[in-house]
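Chemist: What follows is a predicted protein model with its sequence.
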Amino acid sequence: MDSEDPNKEKKLKYPRSVFFIVVNEFCERFSYYGMRTILSLYLNKALGFPEDTATVLYHVFIMLCYFTPILGAIVADTFLGKYKTILYVSILYAVGNVVLSVGAIPNTEWIGAPVEDAYGVPQTVVSLIGLFIIAVGTGGIKPCVAAFGGDQFIRPQQDRQLETFFSIFYFSINAGSLLSTVVTPILRDEVECAGVETCYPLAFGVPAILFAVALAVFLIGSSSYTKTPPSSHNVIAQSTSCITHAISRKFKAKKGEKKRDHWLDYADDKYDTSLIQDLKGVLTIVLLYLPMPFFWALFDQQGSRWTFQATRMDGNLGGGVAIKPDQMQVVNPLLILLFVPIFEAFFYPLFNKIGVLHRPLQKMVFGGTLAGVAFVVSGLVELQLEPTYAKIPPTNYLQLNIYNTLDCNLTINFNNTQYEVPRLSALPLDDSSEYFKNGVYDLVATSMNCPDLVNDTLMKTLNMTQYPSASLLFSYSSDSQGFDALDLAEIELEKSDNANPRIRILYDLATESNGENVTFMIGGFEWTGLPDQGSTESMDRLSPGSYEIKYSIGGGDPVLIRSEEFLTGAVYEVVVASDNPGKPFMLVQELTKPNSVSILLLIPQYVLITMGEVMFSPIGLQFSFTQAPESMKSLIQGLWQLTVAFGNLIVIIIAEAKIFPKQSDEFFLFAGLMFVDMIILAILAWRYKYKETPDSSNKEKKKSISDSSDSESIGDEGREQDTGM
């Protein structure tokens, strides 16, 4: 009778304790992904690291996040148990969030040193310390939280409830990631704090608060948890010792001694045969792992190279709706929620029916190939963006813009070259053949038939050693008897990180300001400059659109000059001067072309890499779980985490090597390496002999465990293996 079947699941109440764990996971994932979404832009724009260096630091951080789970697993399994490991490491994690948030506050001093010193030191030092603590914290709890949730169920009676738990756990991971990926870029870009136009302290602070909530929720549930004590031995340490012992004995073996079938058999004098056989299985799987880091090298660039790529694109969708560059990362979790059920319900049964891609390794090879195709697409998109790049002169050279606000033409002689600058116009010398080598130059400018000028010649010495790009403004002198040239004013040619237009005003109103301060107004923003003449700081807070440009002198009534349209991602210099005799004149020069390629063009590469992720990541974890020896499953999961760490190390090496001057070439390099890598994996997969699951009375139980692990892996691998399985 069924009632006598010992394997029949007994109805038990759903453990209340898991809801504390699920809420904890939602808040922790919000914290982690909210911080990570804006991290590359923070390193580049707030701390001032070059794009390549910011990419390296971003991937160093991710790499540390996936090296440390091995340590967390050892501590939990051998010393503290899962509950205490999560609790103690979470406190450390919370400290890291606070350190990063406080370190992001600009215009402050730490131990008497201003943040402006060398790359923002010590603000940079404080921020990097915070990131290191966070990496240790998130890695330390990564292998514990989901497993601790599983400990709350009585098995096998609650195996199906356990499967439901992993589905809910998966949902909480993606929900936290999805929400934070939308929210933190808004906090970063649309809030002004500490006198700065962006608010990274708030954008990091909100995730820090959510993590504090996560820790509080976890503590509230303490009395209801089932707390499994740590084991008495360390499988990882025991395995390492067995391997080193076998290697040592093999090299010390005397000539004539009977050779063993496998080098691990040399450890049979000290270790059980079962351990040796299990390690043989582990090493076979590890061989298959060797090509796998390349997938993560491509996948994790969504938060670095692809985010920087999005800053060079047009995020305006019309109707006042715009996508911020770092918000494009939300596409991945959205597609994960869409693709996982579609693949499970339609594609995988179809593959099995027609006899293709029905083995796990076959699916992984195809998924990795899709990731390579995604980078081919990203390279093609980058080729479309290159004409809109800022033209940055090489080191020790200067790019010069010359503005003539006189009502007559100017002839300018310097550097053994004569330049003709028409009246009321600009002459940008922005071609590579027109760059000036750093040095000091003598200039002679002559006005051509300029009415009312007594002095028609100007001699000036230009120190062209200070800036990579600068502007030279010729305007009427304050007595209107001649003309003058302002000292060189540095300009910033790079596009803004938020894809808004970047605007700088260069002005000379000496003929009418009479020594009073000049204030400019555009779209509700004001700049108050020095009296008479000068330049304002670059501003990128205005959304693309048409704006009235006004100015006032000494706090008087604003004077409308005219309206001007500013486009997405372009860099503008607005030149304002007094046309003789005192009429305002404005010239708008586009220094860097606007973003003309829609950000929606990134969607195909996100679709491809997410499809690749669905076929590579959860399938890889399923393969690892089913093929690992029973006593080595935790070890295999730890090694799987390391493939992510080594993938990020590959990005660091290639980015730091600076092999190509063009980003498109680097994308194509990654795609090519991925295709070669998948050929290697395909060969290894063809030679691999699968371990078949034995048919026994425990088959359904094992299937439930496997399926539960798959749900967990999808949730976490969909968000980069966050369960640490």
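Modeler: Perfect, I can see it now.
Chemist: Tell me who's in contact with Gln418.
Modeler: Thr411, Ile412 (Cβ atoms under 8 Å, 6 or more residues apart in numbering). In short, each C-beta sits where N, CA and C put it, glycine included.
Chemist: Could I get the phi/psi values of the most centrally placed residue in the chain?
Modeler: By Cα atoms, centre = their mean, the chain has its centre lying nearest to Gly303, at 2.6 Å. Backbone torsions of Gly303, given as degrees, to the nearest 10, read phi -90, psi 0.
Chemist: now Asp508
Modeler: phi -150, psi 100.
Chemist: Report the beta-bridge partners for it.
Modeler: As for beta bridges, Asp508 partners with Gln533, Ala577 under DSSP bridges.
Chemist: you'd agree Thr311 is up against Ala499?
Modeler: Yes - using Cβ atoms under 8 Å, Thr311 is in contact with Ala499, at 5.7 Å.
Chemist: which residues sit in contact with Gly515?
Modeler: Gly515 neighbours (Cβ under 8 Å, 6+ apart): Pro531, Asp532.
Chemist: do you know how far it is from Thr568?
Modeler: Using Cβ to Cβ, to the nearest Å, we find Gly515 at a distance of 38 Å from Thr568.
Chemist: next one: Gln641
Modeler: Distance from Gln641 to Thr568, by Cβ to Cβ: 40 Å.
Chemist: Helices of the stretch 351-500 of the chain, start to end?
Modeler: 360-385 (DSSP state H, counting those that start in this stretch).
Chemist: Test my guess that Tyr271 contacts Ile243.
Modeler: No - assessed by Cβ under 8 Å, Tyr271 is found out of contact with Ile243, at 9.8 Å.
Chemist: For this structure, give the helix that spans the most residues.
Modeler: Of all the segments of type helix in the chain, defined by DSSP state H, the longest one is helix 159-190.
Chemist: Distance check, the closest residue to Ala310 other than its chain neighbours against Leu47.
Modeler: Spatially, and ignoring its direct neighbours in sequence, Ala310 is nearest to Pro325 (3.7 Å; Cβ to Cβ, 6 or more residues apart in numbering). Applying Cβ to Cβ, the value for Pro325 to Leu47 is 17 Å.
Chemist: And for Ala390?
Modeler: 20 Å.
Chemist: can you pull the contacts of Ala655?
Modeler: Asp52, Thr55, Val56, His59, Glu666.
Chemist: how much space is there between the fourth one and Asp52?
Modeler: Spelled out, it's His59. 11 Å.
Chemist: Which one's more surrounded, the two?
Modeler: More neighbours surround His59 than the other of His59 and Asp52, with 29 against 17 (other Cβ atoms under 10 Å).
Chemist: what stretches of the stretch 251-400 of the chain score poorly on pLDDT?
Modeler: 256 (pLDDT under 70).
Chemist: mind listing the strands for it?
Modeler: 316-318, 321-322, 397-404 (DSSP state E, counting those that start in this stretch).
Chemist: Give me the residues contacting stretch 383-390.
Modeler: 309, 312-313, 493-495, 569, 571, 591-597, 601, 662, 664.
Chemist: Which positions within it qualify as buried?
Modeler: With burial defined by 16 or more other Cβ atoms under 10 Å, the residues of stretch 383-390 counted as buried are Leu385, Thr388, Tyr389, Ala390.
Chemist: Make a markdown table out of those and add distance to Leu64.
Modeler: Formatted as a markdown table, the buried residues of stretch 383-390 follow (distance: Cβ to Cβ, whole Å):
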| residue | distance to Leu64 |
| --- | --- |
| Leu385 | 31 |
| Thr388 | 35 |
| Tyr389 | 32 |
| Ala390 | 32 |
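Chemist: and which of these is nearest Pro69?
Modeler: Nearest to Pro69 among these: Leu385, at 36.7 Å, using Cβ to Cβ.
Chemist: Am I right that Lys550 is in a strand?
Modeler: Yes - counting by DSSP: H, G, I helix; E, B strand; the rest coil, Lys550 falls inside a strand.
Chemist: That one: how many residues sit nearby?
Modeler: 17.
Chemist: what pairs with it across the strands?
Modeler: Met521, Leu560.
Chemist: check contacts around it.
Modeler: Per Cβ under 8 Å, 6+ apart, neighbours of Lys550: Phe520, Met521, Ile522, Pro558, Val559, Leu560, Ile561.
Chemist: distance of the closest residue to Thr284 other than its chain neighbours from Leu681?
Modeler: In this structure, Thr284 finds its nearest non-sequential neighbour in Tyr688, 7.4 Å apart by Cβ to Cβ, 6+ apart. Note on Tyr688: its distance to Leu681, by Cβ to Cβ, is 10 Å.
Chemist: Looking only at neighbour counts, state which of those two leads.
Modeler: Set side by side, Tyr688 and Leu681 show more neighbours around Leu681, with 22 against 17, by other Cβ under 10 Å.
Chemist: That one: helix or strand, and which one exactly?
Modeler: Following DSSP states H and E, one finds Leu681 within helix 663-687.
Chemist: For the contacts of Lys550, please prepare TSV with the additional fields distance to Phe20.
Modeler: Output for the contacts of Lys550, formatted as TSV (distance: Cβ to Cβ, whole Å):
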residue	distance to Phe20
Phe520	55
Met521	53
Ile522	51
Pro558	58
Val559	63
Leu560	61
Ile561	61
